[in-house]
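Enquirer: Make a model of this:
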Amino acid sequence: MDWIRKLAQVTLVFIGLGFGVAGAIFLVSPATLTTLFDIALPTSTALVEVRGAYGGMSIGVGLLLFMFARRPDWLRPSMIALAWITGGLVVGRTVGMIIDGPPNFFEYSQLATEAFGLGVALLTLWHLDRIHAQEDK
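Expert: Predicted coordinates for the structure are as follows:
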């Protein structure tokens, strides 16, 4: 059990750090990262949206994942949250790639990180379910 808990905690910190750092950059200097994804910010409305949705929400998600990593007794809910967050991103990016065609390297790197987080979350949940099933016998 210790190895799966440690893997889950390290993953929460790693992905939380990614969300937090990216969110801080989006908040302070939106164009720094949006140019990597070919997103133009032609108006103040566009800048406010990126600062709020990409910056503020990403910082919030990062802090949530850090909080989960510090609470080992919340392992199951943290993995459910991680699965929903990263799973939604994986689905969204994959649908986009199917409909819109292949993106640049940065989108693939995001997809790989999110798929890793989803994989760890699902593996952890599967492992926890097996442990609970054995305890119920």
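
Enquirer: outside of stretch 85-105, which residues touch it?
Expert: For stretch 85-105, the external contacting residues (C-beta atoms under 8 Å, 6 or more residues apart in numbering) are 15, 36-38, 61, 107, 110-111, 114-115, 117-118, 121. In short, each C-beta sits where N, CA and C put it, glycine included.

Enquirer: Flag every buried residue along that stretch.
Expert: For stretch 85-105, burial by neighbour count (16 or more other C-beta atoms under 10 Å) applies to 85-87, 89-90, 93.

Enquirer: mind giving me a markdown table with the residues you listed and columns for distance to residue 103?
Expert: Formatted as a markdown table, these follow (distance: C-beta to C-beta, whole Å):
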| residue | distance to residue 103 |
| --- | --- |
| 85 | 20 |
| 86 | 18 |
| 87 | 19 |
| 89 | 13 |
| 90 | 14 |
| 93 | 8 |
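
Enquirer: how about TSV for these, with secondary structure added?
Expert: Formatted as TSV, these follow (DSSP: H, G, I helix; E, B strand; the rest coil):
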residue	secondary structure
85	helix
86	helix
87	helix
89	helix
90	helix
93	helix
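
Enquirer: Can you pick out the most distant pair from those?
Expert: 85 and 93 (12.9 Å; C-beta to C-beta).

Enquirer: mind listing what's buried in the helix ranked longest in the chain?
Expert: When the chain is parsed with DSSP state H, its longest helix is helix 105-136. For helix 105-136, the neighbour count (16+ other C-beta under 10 Å) marks 107, 110-111, 113-115, 117-118, 120-121, 124-125, 127-128 as buried.

Enquirer: so which of those comes closest to residue 26?
Expert: Nearest to residue 26 out of these is residue 110 (C-beta to C-beta; 13.3 Å).

Enquirer: how close does the nearest residue to the closest one once chain neighbours are set aside sit to residue 47?
Expert: The spatially closest residue to residue 110, leaving aside those adjacent along the chain, is residue 93, at 6.8 Å (C-beta to C-beta, 6 or more residues apart in numbering). From residue 93 across to residue 47, the span is 23 Å (C-beta to C-beta, to the nearest Å).
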